[in-house]
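In: Below is the sequence, then the predicted model.
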Amino acid sequence: MRLKKLLLINFKNLRQSEIALVEGVNCFVGDNGAGKTNILDAIYYLSMSKSAFTMTDGQSIMHGEDFFVAEGSYMTDDGRAELVNCSFSRRGGKILKRNGKEYERIADHVGNFPVVIVSPQDTELITDAAEERRRYLNAFLSQMNRHSMQALMRYNAVLAERNKFLKSSSDEAMLQIYDMQLSEHGNVVYQQRREIVERMQPLVALYYKVLSDDKEQVEITYRSELEQMPLEELLLRSRERDIVNQFTTVGIHRDDVIFRIGGYPLRKYGSQGQQKSFLIALKLAQYRLLAETVGEKPILLLDDLFDKLDMQRVERLLELVSGDDFGQICITDCNKVRLEDILSRASTKYNLYTVEGGDVLL
Ligand SMILES: Nc1ncnc2c1ncn2[C@@H]1O[C@H](COP(=O)(O)OP(=O)(O)OP(=O)(O)O)[C@@H](O)[C@H]1O
Ligand SMILES: [Mg+2]
């Protein structure tokens, strides 16, 4: 998938921009706060129908305005032209169109225009609670297969009902019905997540090895109480406890993804550069699996290319992503000289755009 043209109106600090992108590497340079990350976020938004950074759609509307519009003209890997138009207004909400036709359900869009973003904010995946890692897997899975979220949504709905029920009752017959439903949907989610993490593991290890020049070994594993016994049994065993606590204390809503470096927890024992390299390896693994499954090379967004990485690792990263396994790339950095220097040494062809106070100049 390749983005040929991006049109933005009132998207964060970008009042009106029209950006023509090239097939290979697109670089956005400019000072802090210029709008570089916002451009990448607009590209992400067109694919995921939500921002990679802000919680609500309203936060992506330029201050003092009522709406934003983002439009992307794409070319698929087999040469078809596609047009995606997304607008959001404070009054009318979100409208998402593909080739002029409005989607009935916005969820049907996710995965059609695959995208992967690497940004300094990714460190939250390491430092934050398990919920953040589950959210990441969910977003990844939703791009892989748009039906993959159904089991999770049903699970969450039953879980909410069960928790509400536990506040006022301990009726065993009713709990048994909830448990059956939770097990059914929970098992599907467990299998999906475990499978995707298993498929990621060798790729994460491989990319980390390349980035670090074979310095350390890394590992990613899915952790769930369901490894010990089926969810139905777990729920039965914890029933007494759940009744006392008045909420559900076991299930896939407590699962986690474990990151390790040299056999130790990455969060405690990884340096900042090692953690960053791990996150890049994770995202590149995601990229490869998406490309394979969706059958379309995702757009790769590298925000703040030099963030925490030494020169060698940046060079290896650029070498990796300019290979045949990767497609169109958008890079941001605040130092033009540094970026041009490393790109010319990697002999990568690229286009350079200067971003200044929300304006994009070629
Ligand atoms: N809804 C909004 N309306 C107007 N401006 C916004 C909005 N949201 C964010 N901004 C502005 O966008 C600017 C940040 O843009 P962005 O994060 O793209 O900068 P950047 O070029 O990536 O900078 P850095 O080099 O520091 O990463 C800030 O000045 C911020 O105030
Ligand atoms: Mg930025």
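Out: Nice, thanks for sending it over. Residues are numbered from 1 along each chain as shown. Ligands and ions are numbered 1, 2, ... in the order given.
In: Name the surrounding residues that touch the lowest-mean-pLDDT helix or strand in the chain.
Out: The weakest-scoring helix or strand in the chain, judged by mean pLDDT, DSSP states H and E, is helix 336-345 (a mean of 92). Contact with helix 336-345 is made by 25, 27, 29, 305-306, 311, 314-315, 318, 331, 333, 350, 352, 354, as judged by CB atoms under 8 Å, 6 or more residues apart in numbering. Placement of C-beta: from N, CA and C, glycine included.
In: For this protein, list the residues in contact with ligand 1, please.
Out: Selection of the chain residues close to ligand 1 by CB under 6 Å from any ligand atom yields 12-13, 30, 32-38, 59, 61-63, 304, 334, 355.
In: Could you give the number of residues near the residue nearest to residue 352 when sequence neighbours are not counted?
Out: Setting aside the residues directly before and after it, residue 352 is nearest to residue 27 in space (CB to CB, 6 or more residues apart in numbering), at 4.9 Å. Residues near residue 27, counting by other CB atoms under 10 Å, number 22.
In: Could you pull up the residues touching the residue nearest to residue 99 when sequence neighbours are not counted?
Out: Spatial nearest neighbour of residue 99, excluding adjacent residues (CB to CB, 6+ apart): residue 83 at 5.3 Å. Listed by CB under 8 Å, 6+ apart, the contact partners of residue 83 are 71-74, 97-100.
In: Out of those, grab the one that's most surrounded.
Out: Highest neighbour count within the contacts of residue 83, by other CB under 10 Å: residue 72, with 25 neighbours.
In: Report the mean per-residue pLDDT for the strand or helix carrying it.
Out: Using DSSP states H and E, residue 72 maps to strand 67-75. Averaged over strand 67-75, pLDDT sits at 98.
In: cool, stretch 102-109 as well?
Out: Averaging pLDDT along stretch 102-109 gives 94.
In: ends of it, how far apart?
Out: End-to-end distance of stretch 102-109 (CA to CA, to the nearest Å): 10 Å.
In: Near the residue of the stretch 251-362 of the chain found nearest ligand 1, how many other residues are there?
Out: Taking CB to the nearest ligand atom, ligand 1 has its nearest neighbour within the stretch 251-362 of the chain at residue 334, 4.4 Å off. By other CB under 10 Å, the residues close to residue 334 number 18.
In: and it, what does it touch?
Out: Residues in contact with residue 334 (CB under 8 Å, 6+ apart) are 29-32, 34, 36, 304.
In: any chance of those in CSV, plus neighbour count, secondary structure and pLDDT?
Out: Formatted as CSV, the contacts of residue 334 follow (neighbours: other CB atoms under 10 Å; DSSP: H, G, I helix; E, B strand; the rest coil; pLDDT from 0 to 100):
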residue, neighbour count, secondary structure, pLDDT
29, 21, strand, 98
30, 23, coil, 97
31, 13, coil, 97
32, 6, coil, 97
34, 22, coil, 98
36, 25, helix, 98
304, 18, coil, 96
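In: Next, format those as a markdown table and append distance to residue 5.
Out: Listed next are these as a markdown table, based on distance: CB to CB, whole Å:
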| residue | distance to residue 5 |
| --- | --- |
| 29 | 20 |
| 30 | 20 |
| 31 | 25 |
| 32 | 27 |
| 34 | 21 |
| 36 | 18 |
| 304 | 24 |
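In: and which of those residues is nearest residue 163?
Out: residue 304 (40.0 Å; CB to CB).
In: Mean confidence (pLDDT) on the strand or helix carrying residue 8, please.
Out: Taking DSSP H and E as the definition, residue 8 sits inside strand 2-11. Averaged across strand 2-11, the pLDDT comes to 98.
In: Tabulate the CA atom coordinates of it in CSV.
Out: Extracted in CSV, the C-alpha atoms of strand 2-11 (Å, rounded to 0.1, in the frame of the first residue of the first chain):
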residue,chain,number,x,y,z
ARG,A,2,1.3,3.4,-0.9
LEU,A,3,0.0,6.8,0.0
LYS,A,4,0.3,9.1,-3.0
LYS,A,5,-1.3,12.3,-1.7
LEU,A,6,-2.4,13.5,1.7
LEU,A,7,-4.9,16.4,2.1
LEU,A,8,-5.5,17.9,5.5
ILE,A,9,-7.8,20.6,6.8
ASN,A,10,-7.7,21.6,10.5
PHE,A,11,-6.0,18.5,11.6
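In: and that strand with strand 67-75, angle?
Out: For strand 2-11 against strand 67-75, the angle by axes from the mean of the first three to the mean of the last three CA atoms, to 10 degrees is 170 degrees.
In: can you offset everything so residue one is 16?
Out: OK, 16 is where the count begins now, so the last one is strand 17-26.
In: could you say what helices and strands strand 17-26 packs with?
Out: Judged by 3 or more CB pairs under 8 Å, 6 or more residues apart in numbering; DSSP states H and E, the packing partners of strand 17-26 are strand 29-35, helix 51-63, strand 82-90.
In: and the angle for the longest one with strand 29-35?
Out: Angle of helix 51-63 versus strand 29-35, following the same axes, to 10 degrees, is 70 degrees.
In: For helix 51-63, C-alpha coordinates in CSV please.
Out: Extracted C-alpha coordinates of helix 51-63, given in CSV (Å, rounded to 0.1, in the frame of the first residue of the first chain):
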residue,chain,number,x,y,z
LYS,A,51,5.8,16.4,12.0
THR,A,52,4.2,13.9,14.3
ASN,A,53,0.8,15.3,13.5
ILE,A,54,1.4,14.4,9.8
LEU,A,55,2.2,10.8,10.7
ASP,A,56,-0.8,10.7,13.0
ALA,A,57,-3.1,11.9,10.1
ILE,A,58,-1.8,9.0,8.0
TYR,A,59,-2.3,6.6,10.9
TYR,A,60,-5.8,8.1,11.4
LEU,A,61,-6.8,7.4,7.8
SER,A,62,-5.9,3.7,8.3
MET,A,63,-7.2,3.1,11.8
